[in-house]
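Trainee: This is a predicted model, with the sequence first.
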Amino acid sequence: MSTPTSIQPTVSQPATPVPPGFAGAPDAPASPEQLLATLERTTDQILGREDLLMKLRGPRPLRIKFGVDLTAPDLHLGHAVNLWMMRALQDHGHTVVFLLGDTTSRIGDPTGRSIARPVLTEQQLRDNADSFLRQVTRVLRSDPNLLEIRRNSEWFDEMGVAGLLAELSLVTHAHLVSRDMFRSRITASTEIAIHELIYPVLQGFDSVALESDLTIVGSDQLFNEAMGRELQVKHGQVPQTIITSTVTPGLDGGPKQSKSLDNYVGLCAAPEEKLGRLMTLRDELVGQWALVYSDLPLEQVGELDRRARAGGATARDAKLDLAEAIVCRHDGAEAARRSREEFLRVFSAREQPREMISLELAGIASALELVTAARPELSRNDARRLLVGGGVELEGRRLSDPEELVDLVEGQALRAGRRRWFRITQRTS
């Protein structure tokens, strides 16, 4: 096993804001019991709670394992729940060990998958690692004594066949195939590759290599991290505590936040985009989102929930207060204030936003060509639906016929979606 070394981020990061009133800020240290209560606000379950409390009372800073699968680098507010809990611990001097799973990502975590994941190239892994670092340090402190960055290739590249077989000998086949997802694939006669089957052992060994005291994960990772506890005991270590975090429905009330379902708020989205998306949240979810995604006092969370359930303008204002609080937590008070003012100016007074994305086009184009140029992430069918549904306006005039030809002029304002504004600029040769 390699000797732990600190590999610091090479990407430049903005100063991480100290969330106003957030429990655990350096100028207001909390007791171990208070700190644990802060964590429990957004916790689903804790495996080893009393062990964690004893560790928090001890003199040694905890090592908090934060492992990431490099196959999915786009983070949203759901991921930030874990980051804010780790931030609270950092504020009390504990160290987050940010583990880039460069070896295990070559396998791909089978969690939640009915088929094997594709294998990433080395360049994709490096690019995704850089993206992760830029995003997580928007919340986590990047001080070298509070954030240690590791790669699990450090130990797996040195382990060799004999070492791998020694680890595998500590785990039974029956235990591995007891996972729900594997049982489902066996029932469906879908093949399970051996490299997928041993993934939990590899992730579990990460906890051994890092001498992890605590890990904070989604509930879907409980099996893998519990494997870490078992392997730690077999290696003579104190088992890590596992915290699984609270998961909320997405903005639309459906499944949890997902980019593919477009029911999420991006962690790195602009403040105005965050606030605009938050204003689409269903009224009945305001209280739940306030509890999980804001650091507002619990009595204020309850008040927002009551106001949101009243409906009408009262609910809208409650949602606006929540949106401002969440943007403030991530981007600062001034950005939150400006975002709120811009939202009210654009959507309540029905004015155009002051800043728009520049869209270089000239001459005559069909309405469909205009939308696909502005929104390249949309398929042509989605662009047609946006037009027919009344979601596109050019200089305040609704475009609903995809084949309509429009004369594009410098400075025209295009709205393609509820909150997507563009300014037409002429192409320069």
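Mentor: Everything's here; your move.
Trainee: can we go C-alpha only for contacts and neighbour counts from here?
Mentor: Will do.
Trainee: Helices of the stretch 51-200 of the chain, start to end?
Mentor: 77-90, 104-107, 122-136, 153-168, 173-176, 180-187, 194-197, 199-210 (DSSP state H, counting those that start in this stretch).
Trainee: Enumerate every residue touching the closest residue to G93 other than its chain neighbours.
Mentor: Nearest residue to G93, sequence neighbours excluded (Cα to Cα, 6 or more residues apart in numbering): P61, at 6.3 Å. Residues near P61 by Cα atoms under 8 Å, 6 or more residues apart in numbering: G93, H94, T95.
Trainee: Output those residues as JSON lines; include the columns neighbour count and pLDDT.
Mentor: Putting the contacts of P61 into JSON lines (neighbours: other Cα atoms under 10 Å; pLDDT from 0 to 100) gives the following:
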{"residue": "G93", "neighbour count": "16", "pLDDT": "95"}
{"residue": "H94", "neighbour count": "20", "pLDDT": "97"}
{"residue": "T95", "neighbour count": "23", "pLDDT": "97"}
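Trainee: Nearest to G218 among those residues?
Mentor: T95 (19.7 Å; Cα to Cα).
Trainee: which strands and helices sit next to the lowest-mean-pLDDT helix or strand in the chain?
Mentor: Sorted by mean pLDDT, DSSP states H and E, the helices and strands of the chain end with helix 104-107, the least confident at a mean of 73. With contacts defined as 3 or more Cα pairs under 8 Å, 6 or more residues apart in numbering; DSSP states H and E, the packing partners of helix 104-107 are helix 199-210.
Trainee: now with 10 Å?
Mentor: For helix 104-107, the packing partners by 3 or more Cα pairs under 10 Å, 6 or more residues apart in numbering; DSSP states H and E come out as helix 122-136, helix 194-197, helix 199-210.
Trainee: least reliable of the helices of the stretch 51-200 of the chain going by mean pLDDT?
Mentor: Sorting the helices of the stretch 51-200 of the chain by mean pLDDT places helix 104-107 lowest, at a mean of 73.
Trainee: Output that one in PDB, but only the C-alpha positions, please.
Mentor: Extracted C-alpha coordinates of helix 104-107, given in PDB (Å, rounded to 0.1, in the frame of the first residue of the first chain):
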ATOM      1  CA  THR A 104     -12.300   2.000 -10.800                       C
ATOM      2  CA  SER A 105     -13.800   4.300 -13.400                       C
ATOM      3  CA  ARG A 106     -12.200   2.200 -16.100                       C
ATOM      4  CA  ILE A 107     -14.500  -0.500 -14.800                       C
END
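Trainee: and that helix, how far out from the chain's middle?
Mentor: 20 Å (Cα atoms, centre = their mean, to the nearest Å).
Trainee: again with stretch 261-271
Mentor: 9 Å.
Trainee: cool, stretch 303-322 as well?
Mentor: That offset, for stretch 303-322, works out to 25 Å (Cα atoms, centre = their mean).
Trainee: ok, residues contacting that stretch?
Mentor: 275-276, 278-291, 293-294, 296, 298-302, 323-326, 328, 340, 343-344 (Cα atoms under 10 Å, 6 or more residues apart in numbering).
Trainee: so of the helices and strands packed on helix 104-107, which one's packed in deepest?
Mentor: helix 199-210 (a mean of 23; mean count of other Cα atoms under 10 Å).
Trainee: pLDDT averaged over the helix or strand just after it - what is it?
Mentor: For helix 199-210, the succeeding helix or strand toward the C-terminus, using DSSP states H and E, is strand 214-217. Strand 214-217 shows a mean pLDDT of 96 in the predicted model.
Trainee: what's the answer for stretch 220-234, then?
Mentor: Here the average pLDDT along stretch 220-234 is 94.
Trainee: which parts of that stretch are buried?
Mentor: Q221, L222, F223, N224, E225, A226, M227, G228, R229, E230, L231, Q232 (16 or more other Cα atoms under 10 Å).
Trainee: Looking at these, which is nearest A336?
Mentor: Closest to A336 out of the buried residues of stretch 220-234 is Q221 (33.4 Å), distances taken as Cα to Cα.
Trainee: For the biggest helix by length in the chain, C-alpha coordinates in CSV please.
Mentor: Longest helix in the chain, counting residues (DSSP state H): helix 312-331. Below are the C-alpha coordinates for helix 312-331, written out as CSV (Å, rounded to 0.1, in the frame of the first residue of the first chain):
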residue,chain,number,x,y,z
GLY,A,312,-51.2,31.9,-5.3
ALA,A,313,-49.0,34.9,-4.8
THR,A,314,-48.1,33.8,-1.3
ALA,A,315,-46.6,30.5,-2.6
ARG,A,316,-44.8,32.4,-5.4
ASP,A,317,-43.2,34.8,-2.9
ALA,A,318,-42.2,31.9,-0.6
LYS,A,319,-40.5,30.1,-3.6
LEU,A,320,-38.7,33.4,-4.5
ASP,A,321,-37.4,33.7,-0.9
LEU,A,322,-36.2,30.1,-1.0
ALA,A,323,-34.5,30.5,-4.4
GLU,A,324,-32.7,33.6,-3.2
ALA,A,325,-31.5,31.8,-0.1
ILE,A,326,-30.1,28.9,-2.1
VAL,A,327,-28.4,31.2,-4.6
CYS,A,328,-27.0,33.2,-1.7
ARG,A,329,-25.5,30.0,-0.2
HIS,A,330,-23.7,29.1,-3.4
ASP,A,331,-22.9,32.4,-5.0
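Trainee: after that helix comes which helix or strand?
Mentor: helix 333-343.
Trainee: So which residues of the stretch 251-400 of the chain form helices?
Mentor: Using DSSP H, counting those that start in this stretch, the helices of the stretch 251-400 of the chain run over residues 271-278, 286-293, 298-309, 312-331, 333-343, 367-374, 380-388.
Trainee: can you tell me which residues contact N145?
Mentor: With Cα under 10 Å, 6+ apart, N145 has these contacts: S6, Q90, G93, H94, T95, V96.
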